[in-house]
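Q: Turn this into a model:
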Amino acid sequence: MNPLVVLVTGAYGQVGKQLVEILLSRGHHVVASDLHTEVAEAAAEALSRTDHPGKLTTVYADLLHPEAMVRIVEHHMPTAIAHLAGMYPPLSYRNPRLARRISVDGASNLIRAAQTLSSSPFVVFASSAAVYGSRNPVKHPELITTNTPTNPVDQYGEDKTMAEDVIVKSGLPYAILRLGGVISPDTTRGAGKDHLLLMRATPGNNRLHTVDSRDAGMAFANALERRETVTGRVLLIAGDDSHRRKHRDVEDDMMAAFGIGRLGESASLPGDPDDERGWSFTGWFDTSEAQELLNFQQHSWNQTVTWVTESKAHLRPVLTAIGPVLRATIRLALVAQRGWERRGPYADPWTLIEKHYGTGALAARRNPANPT
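A: Predicted coordinates for the structure are as follows:
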């Protein structure tokens, strides 16, 4: 096929880096857009040093500046756009108004700029499992499909549904890829109290369908190259069957990858089998259609864990040595926190999240201050 000119927003995030590298290896011209940060600079520098037949152009821009989007689009005239940029939990819970501006207004600015082109670019949008809301595996043991109704429980999922709507109604050719839980060596970057709170909030027996960021990047790259095949489709992007995990197992595998070791089931509270709202927004996907069309599942869960483990080789000796003390300390802290927060026998994630972040962290229809 003829080389594409692909504008990638969020180009230096977990999935963006993988997508950019794949597109470059296939000889495409990638216009990589992201905020100007040290992390983005380092990623851009690393990719610029790789040997590939494609062309990389890095542009630092803010989606909230519509004139910047117009300049980029008019100058580079992309034939395709991969829109990956957004604001994700837990940061989005701390500032839901800014998150909505980035996710929804940012998508609108990008789409309006793309609509100025004489030849309509193909837009592939990164959505999320969050659009489906709480998934009680006891009451809903079936896999999530593209026919499963969207029912977001938090502002992030609601933002994604609103951004999807912007793209669907734009008149541009599009495909929407709803991602499971992306895993890469960057997954824990910047982890702090907010991330630990989300870990505590999520039921240990909550289903979580993960996807290796390399496979997610492959899904986007193949979608961009298969415009005629996937235009107008919504596809579910997650790993093969080995990536259908429980939340506690994923956390423990990641902690083991770092060298700390596993905390075990007692580190998490379970979900309430009788409560539709008492679970996180993750479930297991039916990826058969997406895999047939995009052929992106290349790494098993064990291979993903090995990748993360190898990337943390510089940390593992120290963390392995102090692992027993760390595990005991974390377990005691978890028990103490549950007491302080007066939590019951079940995780009840959205009550805990609302308590810490306010009603703005919830979807508007779940938020008494914003009835629908």
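
Q: Okay, and Phe125 sits in which element?
A: strand 122-128 (DSSP states H and E).

Q: for Leu177, that is, sorry about that
A: Short version, using DSSP H and E: Leu177 is in strand 174-179.

Q: what are the ranges of the helices in the stretch 1-150 of the chain?
A: Ranges of helices in the stretch 1-150 of the chain, per DSSP state H, counting those that start in this stretch, are 14-25, 38-48, 66-76, 91-94, 96-100, 106-114.

Q: if we can go back for a sec, may I see the buried residues of the next helix or strand after the strand holding Leu177?
A: Later in the chain than strand 174-179, the nearest helix or strand by DSSP H and E is strand 181-183. By neighbour count with 16 or more other Cβ atoms under 10 Å, strand 181-183 contains the buried residues 181-183. From N, CA and C alone the C-beta is placed, and that goes for glycine too.

Q: that older thread, quick one: residues in contact with the helix or strand that the strand holding Phe125 is followed by.
A: Once the chain leaves strand 122-128, the next helix or strand it forms, by DSSP H and E, is helix 155-168. Helix 155-168 has contacts (Cβ atoms under 8 Å, 6 or more residues apart in numbering) with 83, 86, 88-89, 92-93, 96, 99-100, 103-104, 107-108, 111, 123, 125, 127-128, 130-133, 150, 152, 174, 176, 281, 360-364.

Q: what do you get for stretch 297-316?
A: With Cβ under 8 Å, 6+ apart as the criterion, stretch 297-316 contacts 183-185, 187, 210, 212, 214-215, 218, 239-240, 242-243, 245, 253-254, 256-259, 287, 291.

Q: measure it end to end?
A: 28 Å (Cα to Cα, to the nearest Å).

Q: Use 5 as the first number for this chain going forward.
A: Taking 5 as the first residue, the last one we looked at is stretch 301-320.

Q: In this protein, spot the helix with the most residues.
A: The longest helix of the chain (DSSP state H) is helix 320-344.

Q: how about that helix: buried residues?
A: For helix 320-344, by 16+ other Cβ under 10 Å, it's 320, 327, 330-331, 338.

Q: Check stretch 121-140 too.
A: Using 16+ other Cβ under 10 Å as the test for burial, stretch 121-140 gives 125-140.

Q: which one of these sits closest to Ser270?
A: Distance ranking of the buried residues of stretch 121-140 against Ser270, using Cβ to Cβ, places Asn140 first at 22.0 Å.

Q: Does the closest one touch Ser284 like I think?
A: No: applying Cβ atoms under 8 Å as the test, Asn140 and Ser284 come out as separate, 10.3 Å apart.

Q: next structured bit after the helix or strand containing Val254?
A: Secondary-structure element containing Val254, defined by DSSP H and E: helix 251-262. Next in sequence after helix 251-262, counting helices and strands by DSSP H and E, comes helix 292-298.

Q: pLDDT value on Pro372, please?
A: With respect to pLDDT, Pro372 scores 43.

Q: typed the wrong thing, it's Thr192
A: 68.

Q: same deal with Gly263?
A: Confidence for Gly263, expressed as pLDDT, is 95.

Q: can you pull the contacts of Ser174?
A: 115, 118-119, 127 are the contacts of Ser174 under Cβ under 8 Å, 6+ apart.

Q: quick one: it is in a helix?
A: No: Ser174: not assigned to a helix; according to DSSP: H, G, I helix; E, B strand; the rest coil it is coil.
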